[in-house]
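Trainee: Here's a sequence, model it:
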Amino acid sequence: MRRVDPITIEVVRNALVATADEMKINLARTAYSTIIYEVLDFSVGIFDPAANIIAQASGLPIFLGNLSAAIEDGIKVIGRDCFKPGDVIITNDPYTTGTHLCDMTIYSPIFFNREIVGFAATRAHWIDVGGKGPGGWFTDSTEIYQEGIRFRSVKLYKEGEPNEDVLRIIHHNIRFPESSLGDMRAQVAACRTGERRFVSIIQKYGKETVFNCIKEIFDHDERLTRAEVDKIPDGIYEANSFMDDDGIEIGKPVPIKAKVKIEGSDMTMDLSESSKQVKGSPNCGLAAGISACRVAFKCITTPELPVNQGSFKPLEVILPSGTVFSAVEPAPCSTYGLPLMTLIDTVFKALAPAIPGKIPAAHYGDVCATFIYGVDPKSNRPYLHVEPEGGGWGARPTEDGENVLIAIADGDTYNVPVEAVEIRYPLMIERYELYRDSGGPGKYRGGLGHIRTYKILGHEAGITITYERSKCPPWGLFGGKPGAVNKVLVQQEEDGPEIVLNKATNFRLKPGARLICLTGGGGGYGYPLERDPEIVRLDVIRGYVSFRSAKEDYGVVLNPKTLEIDWKATKELRHRMKTE
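Mentor: Residues are numbered from 1 along each chain as shown. All right, here's what the predicted structure looks like:
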């Protein structure tokens, strides 16, 4: 291979990243659904002819590893020689792409001089794909066939012409065809953008130069990543955690175990002792299990570098078939993301003794998916509101955790603004505030979750919710205490009783009912009695910490009227708490 000068390599590198970024912008600007253009629940990327990731725009971290898997399956099923210029392929098969049926992957081959030089790929969350209820997200499904329409590597466009047979199947098997087909066209447009931009780079610099640059980029990122792995002491590190249950066998925990082996500049993550695939829907395909490991690996090694295939060459994942992270047909997969959040936290927990200066405490650990649907009484049209809820992230070795961010696997997404919810749907957000005392106490406090209350206006609505980690709190590290857990309350009538409802499918809410979502906080880091009393006082002033917690968790006594610290009483209380 002829070497390329470093300046050209960097110009090409940034041109490739810019290509992915432009794909992202075009998809968000042309999508129909708030889950895409507000939440940004999608991802895009450019891949080489072997489906290795060249460049990926910032998006859902959990898609780091499984966009490639979708293309690899298309090569296997369709055949490389059967791809034609203008073709577009659609797939959402969980057992090959890793995720659930709502995550629709649409990609296209990129041709230059009649030769495939790569692929432009998108994945976006469709608000509905049919199935037993609105939204494609269920707590009570027991097989994949209940969860919606399923495509495995099917040509959506053939040589530039839409495949009307496939479009007709989609139209008549989903509840909101106008929105989803609009999102589909936005994905196709993003693929076309990727095709044009990648070809223009090849035309400008020449095919040989571009692919020599890509090879150098892969090698460079691999070297930098190996250098970071090499800093971790050799050894085997293990950690355990669990999910509440699978939604079917209520109260039966789903165990998760991560074993991480460091040997020189190589890292192996072994998940073989985690739970077998479960009866309920929190299963995922192999590609998603690998992707979660890649998210943890990227965070630990080179989080500041753009993503490409070289980033993951030092990582091996051991994941036998048939686990909750590598489910096989016909396992249901609609809530596939639930175990992935906890898995990433568990990998961090395993490595905390080896690299304590880089590992945070656990975060709230769930996407806290909220689905509200019904018929709008003003327009008499059905609606479906879908959004994740943010929560607290774990405290870090040198600072507090962040408040109300989306969970790590979906980390570059957002919730829907209050104004957008109230304009588009017959709902009112009555309350939206930080959840006081939800952050785990520590020398550095865990981030806070939120309290968000939806009121149903003038109609009966259905809700589907999955709030995990109510029994496995976000743990603290090195003396830090756990954060609060995720919880959902339902109040059917004004001043009526509040019932706890963490997991439910198509639960009915009366007109005027309230859905109260409390997301957990992050774990604390370090002993709470080592926290600066002045910072505790500021936490109380800001509403992050209560008077009770300031005294009982941090040993700080405040004057309730002046909010000044009683230094003598604080010193005596902390001394007593340390000796008890």
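
Trainee: how about residue 383, phi and psi?
Mentor: phi -140, psi 160 (degrees, to the nearest 10).

Trainee: What about it, how many residues nearby?
Mentor: Here the count is done by other CB atoms under 10 Å, and residue 383 has 19 residues near it. For glycine as for every other residue, the C-beta is placed from the backbone atoms N, C-alpha and C.

Trainee: Surely it is in contact with residue 425?
Mentor: Yes: between residue 383 and residue 425 a contact is recorded at 5.4 Å, counting by CB atoms under 8 Å.

Trainee: Could you name every residue contacting both of these two?
Mentor: Common neighbours of residue 383 and residue 425, counting by CB atoms under 8 Å, 6 or more residues apart in numbering, are residue 376.

Trainee: which residues in the stretch 401-550 of the chain form strands?
Mentor: In the stretch 401-550 of the chain, the segments counted as strands under DSSP state E, counting those that start in this stretch are 427-434, 450-456, 461-466, 487-491, 498-500, 503-509, 514-518.

Trainee: just the stretch 101-250 of the chain next, same as before
Mentor: Applying DSSP E, counting those that start in this stretch to the stretch 101-250 of the chain gives strands spanning 103-112, 115-125, 154-158, 161-162, 235-243.

Trainee: between those, which gets nearest to residue 561?
Mentor: strand 235-243 (43.5 Å; CB to CB).

Trainee: pLDDT of that closest one, averaged?
Mentor: On average, the pLDDT along strand 235-243 is 97.

Trainee: residues making contact with it?
Mentor: Here strand 235-243 makes contact (CB under 8 Å, 6+ apart) with 253-262, 282, 338-339, 342, 345-347, 349-354, 468-469, 471-472.

Trainee: Pull out the buried positions in that strand.
Mentor: 237, 239, 241, 242, 243 (16 or more other CB atoms under 10 Å).

Trainee: who does that strand pair up with?
Mentor: When sheet partners are counted by DSSP bridges, strand 235-243 sits next to strand 254-263 (antiparallel).

Trainee: Neighbouring strands of the next helix or strand along the chain from the strand it pairs with in the sheet, and parallel or not?
Mentor: Of the helices and strands lying after strand 254-263 in sequence (DSSP states H and E), the nearest is strand 266-270. Counting by DSSP bridges, the strands paired with strand 266-270 are strand 254-263 (antiparallel), strand 315-318 (parallel).

Trainee: among the ones you listed, which is nearest residue 502?
Mentor: Nearest of the strands paired with strand 266-270 (CB to CB): strand 254-263, 14.5 Å.

Trainee: on that earlier part again, check the buried residues of strand 235-243 against residue 560 and report the nearest one.
Mentor: residue 241 (38.8 Å).

Trainee: Can you tell me which residue is spatially central in this protein?
Mentor: Geometric centre of the chain, nearest residue: residue 410, 2.0 Å, by CA atoms, centre = their mean.

Trainee: Contact partners for that residue?
Mentor: Applying CB under 8 Å, 6+ apart, one finds that residue 410 lies in contact with 41, 60, 61, 62, 337, 367, 388.

Trainee: Relative to residue 366, how far out is it?
Mentor: Distance of residue 410 to residue 366, given as CB to CB, to the nearest Å: 10 Å.

Trainee: again with residue 50
Mentor: Remark: distance between residue 50 and residue 366 (CB to CB) = 35 Å.

Trainee: can you check residue 528 too?
Mentor: Counting by CB to CB, the gap from residue 528 to residue 366 is 25 Å.

Trainee: Widest-spaced pair of the buried residues of strand 235-243?
Mentor: Most distant of the buried residues of strand 235-243, by CB to CB, are 237 and 243, 21.3 Å apart.

Trainee: and residue 225, how many neighbours?
Mentor: Neighbours of residue 225 using other CB under 10 Å come to 24.

Trainee: what do you get for residue 174?
Mentor: Neighbourhood size, residue 174 [other CB under 10 Å]: 22.

Trainee: Need the per-residue pLDDT for it.
Mentor: Here, the pLDDT recorded for residue 174 equals 96.

Trainee: Please apply the same query to residue 415.
Mentor: pLDDT, read off for residue 415, is 88.

Trainee: Hmm, residue 387 and it touching each other?
Mentor: Yes: in this structure, residue 415 is within contact of residue 387 by CB under 8 Å, at 5.0 Å.

Trainee: which of these two has more neighbours?
Mentor: Shown here are residue 415 and residue 387; by other CB under 10 Å, residue 387 has more neighbours (26 against 20).

Trainee: Any figure for the gap between the more buried one and residue 369?
Mentor: Plainly put, residue 387 is 8 Å away from residue 369 if you go by CB to CB.

Trainee: do residue 123 as well
Mentor: Counting by CB to CB - residue 123 and residue 369 are separated by 17 Å.

Trainee: Those two: who's more crowded?
Mentor: Between residue 123 and residue 369, counted using other CB under 10 Å, residue 123 has the larger neighbour count: 25 against 22.

Trainee: what's near enough to touch that one?
Mentor: Shown in contact with residue 123 (CB under 8 Å, 6+ apart): 42, 43, 44, 63, 67, 70, 97, 99, 103, 104, 105, 106.

Trainee: Skipping adjacent residues, who's closest to it in space?
Mentor: Leaving aside its sequence neighbours, residue 123 sits nearest to residue 105 (CB to CB, 6 or more residues apart in numbering; 4.5 Å).

Trainee: again with residue 394
Mentor: Going by CB to CB, 6+ apart, residue 394 has residue 361 as its nearest residue, at 3.2 Å.

Trainee: I'd say the one you found and residue 440 touch.
Mentor: Yes: contact criterion CB under 8 Å: residue 361 and residue 440 qualify, at 6.5 Å.

Trainee: between these two, which one's more packed in?
Mentor: The neighbour comparison of residue 361 against residue 440 (other CB under 10 Å) goes to residue 361, with 36 against 33.

Trainee: State the three-state secondary structure for the more buried one.
Mentor: coil (DSSP: H, G, I helix; E, B strand; the rest coil).

Trainee: Quick check: the gap between it and residue 353.
Mentor: 14 Å.

Trainee: mind checking which of the strands of the stretch 101-250 of the chain is nearest residue 534?
Mentor: For residue 534, the closest of the strands of the stretch 101-250 of the chain is strand 235-243, at 34.4 Å, according to CB to CB.

Trainee: Pull the CA coordinates from that closest one and hand them back as PDB.
Mentor: In PDB, the C-alpha atoms belonging to strand 235-243 read as follows (Å, rounded to 0.1, in the frame of the first residue of the first chain):
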ATOM      1  CA  GLY A 235      -6.000  -9.300  35.200                       C
ATOM      2  CA  ILE A 236      -9.500 -10.600  35.300                       C
ATOM      3  CA  TYR A 237     -12.200  -8.300  36.700                       C
ATOM      4  CA  GLU A 238     -15.800  -9.300  37.500                       C
ATOM      5  CA  ALA A 239     -19.000  -7.700  38.600                       C
ATOM      6  CA  ASN A 240     -22.700  -8.700  39.000                       C
ATOM      7  CA  SER A 241     -26.000  -6.900  38.800                       C
ATOM      8  CA  PHE A 242     -29.600  -7.800  37.900                       C
ATOM      9  CA  MET A 243     -32.800  -6.500  36.300                       C
END
